[in-house]
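In: Would you be able to build a 3D model of this:
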Amino acid sequence: MADKVLEYLQLSDHAAKQIASSYKEWTGFLATAGRLYNDVCCKG
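Out: Have a look, this model is predicted:
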């Protein structure tokens with residue numbers, strides 16, 4: 001179980017570093033998150 005937690009922590013750390021690595025990556029992430037939020041949350 002602890003191995004899975006460590007694996008998830010490493011995965012999230014890697015993703016955060018990749019997303020924050022450049023302006024283009026960050027704005028791309030924000031655009032995608034915004035689209036997904038609108039698709040899930042704001043229908044209706």
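In: Residue 29: neighbour count?
Out: Residue 29: 14 surrounding residues under other CB atoms under 10 Å. C-beta coordinates here come from the backbone N, C-alpha and C atoms, glycine included.
In: how far away is it from residue 6?
Out: Distance from residue 29 to residue 6, counting by CB to CB, to the nearest Å: 24 Å.
In: which stretches of this structure have low pLDDT?
Out: For the chain, the stretches flagged by pLDDT under 70 are 44.
In: And the helices in this protein?
Out: Taking DSSP state H, the helices of the chain run over residues 2-19, 23-41.
In: So which bits of the last one are buried?
Out: Using 16 or more other CB atoms under 10 Å as the burial criterion, none of the residues of helix 23-41 qualify.
In: roughly how far is that helix from the heart of the chain?
Out: 9 Å (CA atoms, centre = their mean, to the nearest Å).
In: Specify the angle between it and helix 2-19 in degrees.
Out: With axes from the mean of the first three to the mean of the last three CA atoms, to 10 degrees defining the directions, helix 23-41 sits at 120 degrees from helix 2-19.
In: List the contacts of residue 29.
Out: Residues counted as contacts of residue 29 (CB atoms under 8 Å, 6 or more residues apart in numbering) are residue 19.
In: Relative to residue 3, how far out is it?
Out: According to CB to CB, residue 29 and residue 3 sit 28 Å apart.
In: can you check residue 26 too?
Out: Distance of residue 26 to residue 3, computed by CB to CB: 31 Å.
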